[in-house]
Structure formats: structure tokens, C-alpha cells
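K.L.:
pasted the sequence and its predicted model underneath.
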Amino acid sequence: MLKGARELPSLDLLKGFEAAARNLSFTKAAAELFVTQSAVSRQIQTLEEQLGVALFRRSHRELRLTDEGQTLYKTSAEVLRLLREVAGRLNARPGMLTVTTTASFAALWLVPRLADFRRLHPGIDMRLDATNEIQDLEREGIDLAIRYCTPKAAGAAAVRLFGELVFPVCSKALLAGKRLNSPEDLSGQVLLHYDDPYRRYPWLSWEVWFEVTKTQGVKPAGMLRFSHYDQVMQAAVDGHGIALGRSRFVAHWVKQGKLVLPFGKRYMSTPSDSRAYFLVPSPRSAVRPEVAKFAKWLQQQVLAEDEEAA
């Protein structure tokens, strides 16, 4: 228990509690904070022990706040909102553009193109927050998000950038002159896997791809698993195995000859719920000229890539 009125729970404990209370789910809170469910559970248990009260009523299928939990949630949510707002203002200098997107989109598509944006707009400073966590743009002081989601999740103000196809890719040297005619020929090959514990991207799993292509009986020579998708792609370029490539992310490697499509343009799949990359502006920042310039540049980059691929 906290020893005195001046002692406060740690910020990490309050962040874990606020996320769990808002979602009424330890699992959803863990996914949002990018930690394990057990970590959130331990945070809540520690906070309850420090405060000397129960914050949640737990049952097999339901999580509910106690009266004490409701009181703490209302206060902690407002305090965290204010802290994020102040931190965002302190971190954002005049003219600073803050963009968030997934780690894979940042590493494999956006960052390689940023030199062109800097060339065109040298006066705009930029902060890139690469995270797989879906962030509240207003609360975190972020101007723009580039999200891979459904049109409904993107919102009415979002601008669609592009969708994607998924298909096997590997280095040319890996095939050593062999030709793969059908997915069954993947037997005897090392398959590169993207670890996705929360099943956010099921279409990037070999199991789903085999199901979509109606492939059975593949016995790979082995597998390598990676926690980040850009690691999967680098392993494919380095010849460690065959990966499921995302069309926009592998296009430059295919053009350079560093990756090939062992089945050509056959056996390509796409998410069934029409997911795509969307540019999502913060309502607070939509009128900023820096935001408009970045959005225009981003759409021009997509158009140029489309024309080159045509």
C-alpha cells in the first residue's frame, strides 16, 4: 500500500490501468500498449495492492470496473490526456510535422522516400513515430497517421493511398536455377514467417496463404520466424528462405533483381475485407499547411509508383 498521500503510483501502472479500463479487456489493453496480457495483469495487481482496493470485478467472460475503479479511471484518463497534450506541444516546434505509421511501412516504404520530401520542403521539420500501436491522434498530439485498415476504420476524412497483394518472394540465388510450378513445390524449402501473436495480419501467414491457394501437404525444410516484418524481408533478400511479400514493400527489390516471384504473378492473394493504406489526418491539424504539403507529396509518390508499374 502507498505509505503517504504524497506518494503516487508509477505512470506505467496508470497507463496500463487506463487502457484496461477503457477497453474493459486486458487483452486489448496489451495489444494497444504492445506488451503481453500477463504484463497488464501484473500492473493491475500491483496497482490494486498499492492502493489497497479492488479496481476490477473479474469473471470468466467479463471485466467490470468497481466503484473505486470508476473513480480512478475518470481521473487517470484526464490526467494522461493532459500529460500527452502538454508533451506533444513541448515536442512539436513551430512547423514540426508529426506522422505515425507502422514499423514496416516506415522502414520499407516511407523512410526510403523521405529525402525527396526534404528536398522539396527543407523548412519542414518532421518527427516519425513508427509503432504498430493504433494511437489516438488528438490525445498524442500527432498530425497524420498512415494506417492499414478497412475504409470504415479509416473514417470519412481519410484518403486512400493503395491496397496490396501478397505473394511468395525469394532471392534468385535461392532457387539455384530451379523452377517452382505450384505451391506444392514449396516442400523442401525454408519458409520465413512473420510472428503475429495478436492475429492482426492473418493474410501474412503461410497457413492462410495455403488455405487461399487450396494447397495441402507442403513439408518445408524448416522455418525462420521474425517479430518484425522488415526482418522477414531482409532475410528473404539475403537468401535465407521464401517469404510472403507485400506488393508495395517488395517492388523496389523486385525491380533491382534482389527478389523474384517464384510463381510469377500466379497465386496472389489480397485481404478479403478491402483493407488498404489510408492517410488519416488529425482534426486539429487538418488545416496546417505542413499537413497539406505532406499529404500532397505522399499522393504524388503513390501516383508515380502506379505509373511506373503500369
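P.N.:
Arrived safely, thanks for sending. Numbers count the residues shown, from 1 in each chain.

K.L.:
helices of the stretch 101-250 of the chain, start to end?
P.N.:
With helices called from DSSP state H, counting those that start in this stretch, the stretch 101-250 of the chain shows them at 103-105, 114-120, 137-140, 151-154, 172-175, 206-212, 229-237, 247-256.

K.L.:
so what secondary structure elements neighbour the longest helix along the chain?
P.N.:
Taking DSSP state H as the criterion, the chain has its longest helix at helix 67-91. Applying 3 or more C-beta pairs under 8 Å, 6 or more residues apart in numbering; DSSP states H and E, one finds that helix 67-91 contacts helix 11-23, helix 137-140. From N, CA and C alone the C-beta is placed, and that goes for glycine too.

K.L.:
what residues of it count as buried?
P.N.:
69, 72-73, 76-77, 80, 84, 88 (16 or more other C-beta atoms under 10 Å).

K.L.:
quick one: low-confidence ranges for the stretch 1-150 of the chain?
P.N.:
The model of the stretch 1-150 of the chain has pLDDT under 70 over residues 1-6, 85, 87-95.

K.L.:
make it 90
P.N.:
1-12, 23, 27-39, 58-62, 77-96, 131-141 (pLDDT under 90).

K.L.:
quick one, phi psi at the most centrally placed residue in the chain?
P.N.:
What sits nearest the mean C-alpha location of the chain, by C-alpha atoms, centre = their mean, is residue 132, with 3.0 Å. When quoted as degrees, to the nearest 10, the phi and psi of residue 132 stand at phi -90, psi 0.

K.L.:
that one touches residue 103, doesn't it?
P.N.:
Yes. Contact criterion C-beta atoms under 8 Å: residue 132 and residue 103 qualify, at 5.9 Å.

K.L.:
what's the neighbour count on the nearest residue to residue 235 once chain neighbours are set aside?
P.N.:
Leaving aside its chain neighbours, residue 235 sits nearest to residue 192 (5.3 Å; criterion: C-beta to C-beta, 6 or more residues apart in numbering). By the criterion of other C-beta atoms under 10 Å, residue 192 has 25 neighbours.

K.L.:
ok, now which ones touch residue 192?
P.N.:
223-226, 232, 235-236, 240-243 (C-beta atoms under 8 Å, 6 or more residues apart in numbering).

K.L.:
still on that earlier bit, with distance to residue 160 added, can I get the buried residues of helix 67-91 in TSV?
P.N.:
Output for these, formatted as TSV (distance: C-beta to C-beta, whole Å):
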residue	distance to residue 160
69	40
72	40
73	36
76	36
77	32
80	32
84	28
88	27
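
K.L.:
the residues you listed: which two are farthest apart?
P.N.:
Farthest-apart pair in the buried residues of helix 67-91 is 69 and 88; separation 27.4 Å (C-beta to C-beta).

K.L.:
please tell me how far the closest residue to residue 137 other than its chain neighbours sits from residue 100.
P.N.:
Computed as C-beta to C-beta, 6+ apart, the closest residue to residue 137 that is not its neighbour in sequence is residue 282, at 3.8 Å. Residue 282 sits 10 Å away from residue 100 when distances are taken as C-beta to C-beta, to the nearest Å.

K.L.:
need the residues touching each of these two.
P.N.:
With C-beta under 8 Å, 6+ apart, residue 282 and residue 100 have common neighbours 137, 142, 144-145.

K.L.:
which two of the residues you listed have the greatest separation?
P.N.:
137 and 144 (7.8 Å).

K.L.:
so the two - more neighbours on which side?
P.N.:
Counted by other C-beta under 10 Å, residue 137 and residue 144 do not tie: residue 144 has more neighbours, with 23 against 20.

K.L.:
ok, the more buried one - contacts?
P.N.:
97-100, 137, 279-282, 285, 291, 294-295.

K.L.:
what about the residues you listed, which are in helices?
P.N.:
137, 291, 294-295.

K.L.:
for those residues, which one is nearest residue 38?
P.N.:
residue 137 (29.4 Å).

K.L.:
what's the neighbour count on residue 227?
P.N.:
10.

K.L.:
so who does the residue nearest to it when sequence neighbours are not counted touch?
P.N.:
In space, residue 227 comes closest to residue 195 once its chain neighbours are excluded; the distance is 5.1 Å by C-beta to C-beta, 6+ apart. Contacts for residue 195 (C-beta under 8 Å, 6+ apart) come out as 225-227.

K.L.:
residue 157 now?
P.N.:
Per C-beta under 8 Å, 6+ apart, neighbours of residue 157: 280-281, 283, 286.

K.L.:
same check on residue 205?
P.N.:
Applying C-beta under 8 Å, 6+ apart, the residues near residue 205 are 193-194, 196, 244.
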